[in-house]
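Enquirer: Pasting the sequence and the predicted model now:
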Amino acid sequence: MPREITLPRPTTVVPWFLLALVGIGFAAFPECNQPDCNHVEPGLPSTAAPPSAGFAIAHASYTGAISCAAASCHGGDAHTVGGEYATWIANDPHKKAYMVLYNEVSEKIARNLASLKPDGKEIPAHKDALCLKCHSLPVEPAFDQHGIVRQGVSCEGCHGPAEHYLTTHFQGSFKALSVQDKAEQYGLYPTKDIGFRAVMCASCHVGDASREVNHDLIAAGHPRLMFEFSAYHEHPKYGKHWTEKASPSDFEVRSWAIGQAAVIKSSLDLLEARLKTEKAPWPEFTEYSCYACHQEIGTKSHVWKDVSKWEHAPGKMAWGTWTLPVLNVVANEVNLTGGAVNVSELQKLRELMETRPLAKDEIKAQTGKAKTQIEQLLASLRQTGGRDAVSRPFTQHASLFSKLAGNGLTPDQKQFNNLDWDGVTQHYLGLAAIYRAWNMDHPANIKPAMEDLRGKLYFQPGYDSPKGLEPKTVFDKYKKLFDLIPKVEGKP
Amino acid sequence: MTPMIGRVSVATIVLAMFYWGMTTGVTPTEAQPKEPAGDVHRHVAFSAVRCGQCHRGLSGEKDLDEPLIKEGVLKFIRLDEYRVWKGNDIHQFAFQNIVPNDKRGPNEQPNLGAKMQEVLRRDPLRGPKYEVARAAECLTCHSIDLTYNSQAHTAEKIQCDLMNDTDTSKARFLTTNGVSCEACHGFAENWMTPHAEANWRKLSPDDKLKKGLIDLRSPAVRAERCASCHVGNKDEGKFVTHDMYAAGHPPLPVFELATYSRQQPGHYHPYHKNEYFQDELKKPDGAKSVAERFHYRQGESQDAAFLAQGAAASFRASVKLLADDSAKLKEGELLDFSHFDCAACHHDLKIDSDRSNRTGGTPGRPLMRVQTDLFNLVVDSAGKKDRKEFDAQLQELKKAFDAQPFGNPKRIKESAGTLAKMVDPIVKELETVKYDAAGTRNLFEAVKKRIETAKNASPPGYIDYDTAQQLSWAMIVLRDEVAMLENKNEAKTIAAAQTKLGAVLFPYIRSVPFPVVPNPFIEPKDTKSVLESVVDRLPKRQEKQYLYKASTFFTEVGDLLKLPAP
C-alpha cells in the first residue's frame, strides 16, 4: 500500500491532501488479500490509520494527550490560550468518544452486531476495531502502554501523530516552516486550512474509504450521521480550543460552502469504497433518505410531499437528500474564485442510484465522474480558502442569504423545491451560517424568524426521526423568513 | 325438470335483459363486445343487474306461491344474493371508488383515485396522461376483465389495455358494478340459461366449469380466486406495486380467507345449514354425492377448510408473485418493495424500540412479506406431508432475502418458483384433511402453541403485526367452528376476546363488526357504516399497526387461547 505521496504544489487544481486520501485508500476495507495485511509493528500506527495520517510521514507514532498537557504547554486553564488540553477535557465531545463505547446503547449495538459476525460471537464495542476506528486513535491496544486508546479522539486525532513534532513544534525554527513542510516532514496536520479540516472531520463524521457507519450498524443501534461542518463548529456543546484566523464574516460562509463540498466528496469516496468490495452490503441504505422509508405512513406524521415538489419517482428510494439540496447554491452562487462549477454528474448519479441501484458497474463509473466534478468544486472553493481568505474577505451576505433561501422554494414560492426534512434542515443550517457571518446590516426581525423555523425542525423526545413534525407549519415558517429578506439583485 | 321452472327462467331472463338495458345506461355493445381481431377472446359479461332479476330475494307473501319457491329452491340457495350483495358488499364499489373525483373524498376533498392519479403521472413510465380508471393494472382487480381465462390471456399479450370510450367493442374491462357476480363465479354466457334448470345441480363441478361456472364451493378454488386480487397474480396482471402504495393505494392487509368470507355478507347458506345438503345426505350414497358435487362432508367445518386452503393459497400466491416479478427484473433493478414487510422500513425511529427485540435475519435487512406461519401450522397439524424438502427451500428463500439489503433477486426467483410448485401437491393433500371437531381443535391447538411458545420463551420471541393479525383471525374462526361442531355457544366469550384484541390489532376486517355467526345478513339501514370503505377505516388500521407491540399482543390474546374442553 503506497503511503508516501509526492505532494503537488498548493496551486495545483487538485488539492494535494485529496490525492493523499485516495492514496492511502482502502487499507482497512477488506480488499487486502495479503496474509500479513493487518500486521502491526510495535510503535507504528495500525493500518487503520486515519486518512489524515496518510499524506504525512510514513511512520509516526502517537504519544497521547498527556504529552501535550504540561502546565506550561497546553495544560493551562480551560478556554485560555495555552489551556487547549483543559478545554478539550471540559468541553469537547471528542473526549467522550471512547467512554461511550461502554454505555447501554453500545452494549446493545454489540449484541445486535453479533449476528453479522461469521462466528456469531459478540465483541464488546470498546474492543471492536469497527468502533475504535472513529472512537479513538488508531493504536493497537497491545502496544498501547500509555492508554492512548482510552483517551478517545484526543489531540493527535486531528493534529497528527506527534512523535516527530512533539519536541520541536514550539521552536521558532519550526514556526518558520511552511504548512506543507510541517506536515510532510513532521506530521503536523494543516488544520487551519478549512478545506483540509473539513475533509478530515468528514472522514469520521461522514465516513471515507476506510470508515463508515452503514445501515447494519444503524439498525444495530448507532445514530445516523448527519454532518454539517459549519453547524458542528457552532454547536453549543462544542467548546472550541482555538480561535479562527479568518473573521467570522468570512469564515462562516467559507466553512459552510467548503464543508458542503467536503461532505459530498467524502460520501462519494465512501460510495466508491462500498462499490469496490463484494463484502459490503448493497444496496447500502445509508446512501438514501432515511425518512422516505422510516415514517409511519398513513399517520400523516411527516409527509413532506404535501408541501414540496417531489422529483423522485413515486415509491423509489431517494438519494442524496442530505448531501445535495444546497449543492447548486454552493456551486453556482458562492463563486469565490469566479465562475460556477458544473456539478451535473451528481444529478445523473442520483438518477442511477434511484432507478437501478443494483447496476453497480454503471454506478461506479458515474461516481468517478461525479467525484471529478466535486473535487474541482472543492479545489475552486479552497483556492482562496485557508489563510489566504483573510486577504479576500467574502462580503455579499445579503445576496447569498436570499439566493439560498430562494433555492429551497419552487419559482412560484408555493412549495418547497424537492425537499424533505433533510433538505429543509440543510437550508436552515446554511442560512444560519450566512446569518452568523452577516453580522452588521441584516434586518432585525430575521433572527426571531430563524429561531421560529429552527424550533419546528427539532425531533420530538424519544424519536430519532421527524415523527409528529408538521411540514405545513415548517413551510409557513420558512416562507415567512423568506418574505423578510430584502431582495438583492445580482450575484454575490 | 318441471315445465314451470323452465318457464320462469326464460321469462326472467328476457325481463332481466330489458331491465338491465334500462337501468345501467350502458349500451349493449359495451357488455357484448365483438370478437376482436387476433387470438384474444373477450367474454360476454352480464354485469350484476341481470343476475338480480332472479337473485333479488322475495318481495312479499305472494312470492311464496312462485313455483321455484314451492319446489324448495330456498333450501339450496337464498335467492336474495343480489340484494345481499347490493346492500352490503363493498365489491360493488371497486370501480366507482377509483374513478378520480375532486370532490368525492372525505370533506369534499379529492378522492383517492384523484390523488393516486396525480402522483402516478409523475412516474416517467406512466406519463402525464395516465388515467387510473383506464389502466389495466388498476381495472384488473377493480372491474371485470373480459379476457380472463381466454387462451391468449397473459398480461403481456393483450395490447388494448385501456377502456375505449369510442369503440366499446374493444373494451377489455366491464366496469359497470365493479367486481360483480361474474368476477368470481365466471362468465355466465354459457351457463346463464342452464344453471336455472333442475338437473344443473346434479352436474359435477367439472361439467359446470366446462360451461364457465367456477367451483367456488371448493375451498381450494375459492381461495385461489380471492387470493388472485387480495394477494396478487402476475398472470392476470394483478399486482399492487410499491409505487401504487406510494401513490396512496391502501396496503393489502394480510389475507385470511375464512375471516374475509365472514366479514363480507354471506350470500349463501353455510354448508352445515344447507337443507338441500341435509336432504341429500339421507339418500343412499348421499354423502359421497354431496362431497363430490359440493365439497361438503358431514360433521366438518366449512370455515376451517376455507382457513386451511386460504393459508395455502395466500402462501402460494405470494411466492408465485415473487417468482414471476423477480423474473422480469432488468439488470440493476431492485425487487419491488411491495414484496417486503412494510413495517420493516416504515416505522418512525423510536429510541428504545420494540423492533430491536425482533429476531431472525440480519439487523437492517428488510424481511420478506410472505406470511409463512399460518400455512406452516396448517401443514404441520395436517401431519401428512414430509416437509424436509419444503422447509429447506423455505430456509433458502429466507436466506436469499437476508443475503443483501432488499434480497438477492436471482436466488429469490429460483427459490420462490420452486416453493410455489411445491404447494400444489400440498393443496391436494389438504383437501383430504378432515376438519371435524377433532381436526379443527387440532389446528387451533397448533396456532395456540405457536403463540404460547413465543410468549413463554426467554427472552420472549417476537411475532410481527401481520402474523399476529393472521394468527388471531385464525384463532377466532377456529374457536367459533369448534363451538359450532360441538354444539356449544361461545359467541359471547369470543366477542369479548375480540374486543380485547382490539387494543392491539384490528379484530375485524370491518371496524363495524359483523356477528360472529356465519352468513350474516344485515338489512342496509345504515348504509354508511355497513358499506364503510377501505379508505375510511385505513387510518384506524394503520394506527394499530404502528402502535403494535408483541408484548401487548401476548397479553391481550390470552383469553382467546383458553379453548374449553370438548
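Expert: Here it is on my side, so go on.

Enquirer: where do the helices sit along the stretch 101-250 of chain B?
Expert: In the stretch 101-250 of chain B, the helices defined using DSSP state H, counting those that start in this stretch lie at B:112-120, B:136-142, B:181-185, B:205-211, B:219-230, B:242-247.

Enquirer: To B:H55, which of the ones you listed lies closest?
Expert: helix B:181-185 (8.1 Å; CB to CB). In short, each C-beta sits where N, CA and C put it, glycine included.

Enquirer: in the chain, which segments are predicted with low confidence?
Expert: Went with chain A since none was named. In the predicted model, chain A carries pLDDT under 70 at residues A:1-59, A:300, A:335-339, A:384-394, A:440, A:488-492.

Enquirer: my question was about chain B
Expert: Within chain B, the ranges that satisfy pLDDT under 70 run B:1-40, B:149-170, B:356-361, B:384-385, B:507-533.

Enquirer: Now do the strands in it.
Expert: Counting by DSSP state E, one finds strands in chain B at the ranges B:144-145, B:173-174.

Enquirer: Check chain A too.
Expert: A:308-309, A:416-417.

Enquirer: Would you mind giving those strands as JSON lines with mean neighbour count and distance to A:Y232 added?
Expert: Formatted as JSON lines, the strands of chain A follow (neighbours: other CB atoms under 10 Å in any protein chain shown; distance: least, CB to CB, whole Å):
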{"stretch": "strand A:308-309", "mean neighbour count": "19", "distance to A:Y232": "26"}
{"stretch": "strand A:416-417", "mean neighbour count": "22", "distance to A:Y232": "24"}
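
Enquirer: Tabulate the ones you listed (a markdown table), appending distance to chain B.
Expert: Converted to a markdown table, these look like this (distance: least, CB to the nearest CB, whole Å):
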| stretch | distance to chain B |
| --- | --- |
| strand A:308-309 | 10 |
| strand A:416-417 | 15 |
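
Enquirer: on that earlier part again, redo the strands of chain B as JSON lines? Include distance to chain A and mean neighbour count.
Expert: Below are the strands of chain B laid out as JSON lines (distance: least, CB to the nearest CB, whole Å; neighbours: other CB atoms under 10 Å in any protein chain shown):
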{"stretch": "strand B:144-145", "distance to chain A": "24", "mean neighbour count": "26"}
{"stretch": "strand B:173-174", "distance to chain A": "24", "mean neighbour count": "27"}
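
Enquirer: Put together JSON lines for those, with distance to B:A400 on each row.
Expert: Rendered in JSON lines, the data for these read as follows (distance: least, CB to CB, whole Å):
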{"stretch": "strand B:144-145", "distance to B:A400": "32"}
{"stretch": "strand B:173-174", "distance to B:A400": "36"}
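
Enquirer: Setting aside sequence neighbours, what's the nearest residue to the spatially most central residue of chain A?
Expert: In chain A, the residue lying closest to the centroid (CA atoms, centre = their mean) is A:A202, at 2.9 Å. Spatial nearest neighbour of A:A202, excluding adjacent residues (CB to CB, 6 or more residues apart in numbering or on different chains): A:S266 at 3.8 Å.

Enquirer: now do A:L457
Expert: A:T425 (5.5 Å).

Enquirer: tell me which parts of the stretch 251-400 of chain A are close to chain B?
Expert: Within the stretch 251-400 of chain A, the positions adjacent to chain B are A:281-285, A:290, A:293-299, A:301, A:310, A:313-316, A:355-360, A:362 by CB under 8 Å from any CB of the partner chain.

Enquirer: Put the buried members of these into a ChimeraX selection.
Expert: A single ChimeraX command selects the buried members of those (16 or more other CB atoms under 10 Å in any protein chain shown):
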select /A:281,282,283,284,285,290,293,294,295,296,297,298,299,301,310,313,314,315,316,355,356,357,358,359,360
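
Enquirer: what's the spacing between stretch A:372-383 and its chain's center?
Expert: Its chain's C-alpha centre and that of stretch A:372-383 lie 16 Å apart, by CA atoms, centre = their mean, to the nearest Å.

Enquirer: cool, and stretch B:364-373?
Expert: Offset of stretch B:364-373 from its chain centre (CA atoms, centre = their mean): 21 Å.

Enquirer: now the nearest residue to A:K479 once chain neighbours are set aside: how far from chain B?
Expert: Nearest non-adjacent residue to A:K479, counting by CB to CB, 6+ apart: A:Q413, 6.9 Å away. Distance, A:Q413 to chain B, using CB to the nearest CB, to the nearest Å: 21 Å.

Enquirer: who's in contact with stretch A:154-163?
Expert: Stretch A:154-163 is contacted by residues A:45, A:50, A:52-53, A:56, A:60-65, A:67-68, A:74, A:84-85, A:88, A:94-95, A:137, A:148, A:169, A:183, A:187-189, A:191, A:200 when judged by CB atoms under 8 Å, 6 or more residues apart in numbering or on different chains.

Enquirer: again with stretch B:218-232
Expert: Contact with stretch B:218-232 is made by B:141, B:179, B:184, B:205, B:214-216, B:233, B:236, B:238-240, B:252, B:255, B:257, B:260-261, B:295, B:302, B:305-306, B:308-310, B:312-314, B:316-318, B:321, B:427, B:430-431, as judged by CB under 8 Å, 6+ apart.

Enquirer: Quick check, the residue in the stretch 201-350 of chain B closest to chain A?
Expert: In the stretch 201-350 of chain B, no residue comes nearer to chain A than B:G332, which is 2.8 Å away by CB to the nearest CB.

Enquirer: which ones are touching that residue?
Expert: A:356-360, A:362.
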